[in-house]
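>>> model the following, please.
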Amino acid sequence: MYHGTDLSLLIALLAILVCLSAGMEKSVVADISPFRINKMNFIWAKAVSHISDKSVIKRIKNELEKFDKLYLSAKEQREKYGRSDLEEIDEKLGILLEKYGLEAALSAYNKKMKWRNEEELKKTNDVLASEKFTDPKIMKLWRAAQDAKFSESQLKALHKELKDHERRMEEYNEKVLKFNEVPHENSLDDDVAETREKMSSKLKEHFNEMESNYERLHNKVLQSEKSPFKNDKAMKNENFTARELESIRHDLHHFDMQMEKLKYHEEELKAAQELHKQSGKVGVINEGLTEFEEKTERIKRKLRKFGNFLETKIGHTEL
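Numbering: from 1, shown residues only. Have a look, this model is predicted:
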């Protein structure tokens with residue numbers, strides 16, 4: 001049987017033990033994921049489970065804290081400027097872990113992330129692949145994008161942009177139909193003539209906007225494809241020495257891009273001619289078609305001159 005004083009002392013001791021236990025538990029939980037970068041937390045967990053020397057664990061934690069900051073900084077650089085020193089940081093981290101016999105931890109993390117990324121990309125591609133585009137050109141562009149060097153997030157963003165572009169195309173076609181329903185411009189009604197003029201202006205603006213947007217999307221996909229060049233002529237003359245590439249590679253790339261631009265204009269011109277044939281009406285479609293034909297011819301003339309210039313330049317270089 002306990003006396004009052006002994007009982008009070010026992011209760012106090014129990015309270016202290018409970019507090020200490022709670023503090024220790026909180027400390028352990030806090031140490032499970034002390035870093036902001038997942039890679040550091042993964043390596044830290046492996047270090048704690050494999051190394052018993054507290055002084056070594058402390059040194060490892062200090063080192064990982066430095067790398068945690070380096071990775072965060074590199075991540076910010078990549079988001080802001082599209083480049084970072086991640087490869088260099090990875091290499092230095094590997095050297096550090098070898099020092100403590102933890103190189104297997106980095107290898108295990110990389111394998112884990114590779115598997116996870118492949119699974120997520122597969123799911124993304126499966127979902128996006130099921131969403132077809134009604135326009136053949138957009139569908140062709142999307143298939144090219146799936147084979148290019150886009151990340152998962154970039155592919156999702158591009159898919160949305162292509163869907164938005166296709167929606168704008170549908171809106172344009174609806175506007176053309178409405179325009180054709182308005183009485184002919186030779187009508188004596190001034191209000192009707194004014195209405196047609198306004199609709200014509202908006203249609204041109206809409207069409208030019210679509211043309212520019214498609215060209216932007218097309219270039220985005222083109223620049224991310226595995227081969228740096230698309231046109232056969234550019235690809236054929238790609239393999240120069242470093243000195244030759246310094247003066248010619250930029251011209252070849254520009255020529256390649258302009259050839260793709262011409263190809264796009266020719267496809268659009270063909271579609272516009274077909275639309276004009278189906279509508280059988282004059283007005284904005286006929287006027288826009290004439291402008292488009294003239295623009296396409298201008299691009300052809302410029303490319304012929306540029307092609308001759310390149311052939312001359314390449315010929316001199318090869319000699």
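>>> got any ranges where this protein has weak pLDDT?
The chain contains residues with pLDDT under 70 at 1-32, 81-84, 117-131, 183-190, 224-247, 276, 278-288, 313-319.
>>> domains of it?
1-32, 36-126, 137-318 (automatic domain parsing).
>>> phi, psi for Lys220 please.
phi -60, psi -40 (degrees, to the nearest 10).
>>> what about the closest residue to it other than its chain neighbours, how many residues nearby?
Once flanking residues are discounted, Lys220 sits nearest to Leu158: 7.0 Å by C-beta to C-beta, 6 or more residues apart in numbering. Any C-beta I mention is one placed from the backbone N, CA and C, and that applies to glycine too. Using other C-beta atoms under 10 Å, Leu158 has 21 neighbouring residues.
>>> so where does Ala148 fall, helix or strand?
Using DSSP states H and E, Ala148 falls within no helix or strand.
>>> hmm, Leu158 and it touching each other?
No. Between Ala148 and Leu158 there is no contact under C-beta atoms under 8 Å: 9.3 Å.
>>> got any residues that touch both of those two?
Val221 (C-beta atoms under 8 Å, 6 or more residues apart in numbering).
>>> where do the helices of this structure begin and end?
4-32, 38-50, 54-81, 86-99, 103-129, 136-146, 152-181, 190-224, 232-236, 242-279, 284-318 (DSSP state H).
>>> which of the ones you listed is buried the deepest?
Per-stretch averages of neighbours, counted by mean count of other C-beta atoms under 10 Å, single out helix 38-50 among the helices of the chain, with a mean of 18.
>>> identify the residue nearest Glu266 in space, chain neighbours excluded?
Thr296 (6.4 Å).
>>> and for Lys112?
Phe42 (7.7 Å).
>>> OK, contacts around the one you found?
105, 108-109, 112.
>>> let's see it at 10 Å
Residues counted as contacts of Phe42 (C-beta atoms under 10 Å, 6 or more residues apart in numbering) are 33, 35, 105-106, 108-109, 112-113.
>>> now Ala108
Counting by C-beta under 10 Å, 6+ apart, Ala108 touches 42-43, 46, 102.
>>> how close does it sit to Ile43?
For Ala108, the distance to Ile43 equals 9 Å [C-beta to C-beta, to the nearest Å].
>>> do the same with Ala148
33 Å.
>>> check Met210 too.
From Met210 to Ile43 the distance is 50 Å (C-beta to C-beta).
>>> how about Tyr264?
49 Å.
>>> repeat for Asn110
The value you get for Asn110 to Ile43, if C-beta to C-beta is used, is 11 Å.
>>> and for Met139?
From Met139 to Ile43 the distance is 44 Å (C-beta to C-beta).
>>> likewise for Glu76?
Applying C-beta to C-beta to Glu76 and Ile43 gives a distance of 21 Å.
>>> that older thread, who touches both of Ala108 and Ile43?
Leu102.
>>> mind listing what the spatially closest residue to Asn41 that is not a sequence neighbour touches?
Spatial nearest neighbour of Asn41, chain neighbours left out: Ser33 (4.6 Å); criterion: C-beta to C-beta, 6+ apart. Residues near Ser33 by C-beta under 10 Å, 6+ apart: 40-42, 44-45.
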